[in-house]
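Novice: Sharing a model that was predicted from the sequence below.
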Amino acid sequence: MKNLTREDLMTLEEYAQQRVVYRQEVLVHKKHRSLQLGEAVSLLFEDRKTIQYQIQEMLRIERIFESEGIEEELSVYNPLIPNGDNWKATMMIEYTDPVERKDALQHLLNIENQIWVQIGENEKIYAISDEDLDRTRDDKTSSVHFLRFQLSSDITGGVNDETSIVFGIDHPEYTVDSGVINGGFRKSIMNDLD
């Protein structure tokens, strides 16, 4: 997928006029790009549409309309768009109770490096996490991480409708797998691969 440019974005005025409809469209799109792993971890697989929405929202919230500010937002968010040989996901650790969340984030140190995908009979591929900055401290992990599942050309070239795809987590305090993915989610993330 190619990166977004200023020409792909709506002006603040255009976005204000289209925001309600556009937001609903993106929420429907995100349903087919979200994967729940256990009770507390979810992955949102990013693509051009999810990132364009994020940029439009940031421009709106920050009231950014000058070209320098727009370019800065593009440079921050474009790296989250998959480029044909990977999947990129925002990982969220979600606990509604603040005490439970604090405790979990202390026990889930390094979980971001234990997320994997297994495609067919191939070995598990562990996601590369937080390439922009480290989000884990010595005493706790962050509730949000950015992941890249880098796939070799052998794997992407060998994936077809029959190939099993399973995502999972191998953390001592949180071990889970998705089972074989299918349906709208599978179809949507397969569009990310060349």
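Specialist: Yep, that arrived.

Novice: The helix or strand bottoming out on mean pLDDT in the chain: which residues count as buried?
Specialist: Least confident helix or strand of the chain, by mean pLDDT, DSSP states H and E, is helix 153-158 with a mean of 88. Across helix 153-158, burial judged by 16 or more other C-beta atoms under 10 Å covers 155-156. C-beta coordinates here come from the backbone N, C-alpha and C atoms, glycine included.

Novice: For whichever helix or strand comes after that helix, give me every contacting residue.
Specialist: The helix or strand immediately downstream of helix 153-158 is strand 165-171, counting by DSSP states H and E. The contact list for strand 165-171, computed with C-beta atoms under 8 Å, 6 or more residues apart in numbering, reads 35, 37-38, 41, 43, 108, 110-111, 114-119, 124, 159, 175-181, 186.

Novice: re earlier: centre of the chain to the least confident helix or strand of the chain, how far?
Specialist: Relative to the chain's own centre, helix 153-158 is displaced by 21 Å; criterion: C-alpha atoms, centre = their mean, to the nearest Å.

Novice: Just the ones of the contacts of strand 165-171 in helices?
Specialist: residue 186 (DSSP state H).

Novice: from the contacts of strand 165-171, which would you call buried?
Specialist: Buried members of those, counted by 16+ other C-beta under 10 Å: 35, 37, 41, 43, 108, 111, 114-119, 159, 176-178, 181.

Novice: mind saving the C-alpha coords of the least confident helix or strand of the chain as CSV?
Specialist: Extracted as CSV, the C-alpha positions of helix 153-158 are listed here (Å, rounded to 0.1, in the frame of the first residue of the first chain):
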residue,chain,number,x,y,z
SER,A,153,8.3,-13.5,0.2
ASP,A,154,8.1,-17.3,0.4
ILE,A,155,5.3,-17.0,2.9
THR,A,156,3.4,-14.3,1.2
GLY,A,157,3.7,-16.1,-2.1
GLY,A,158,2.5,-19.3,-0.6
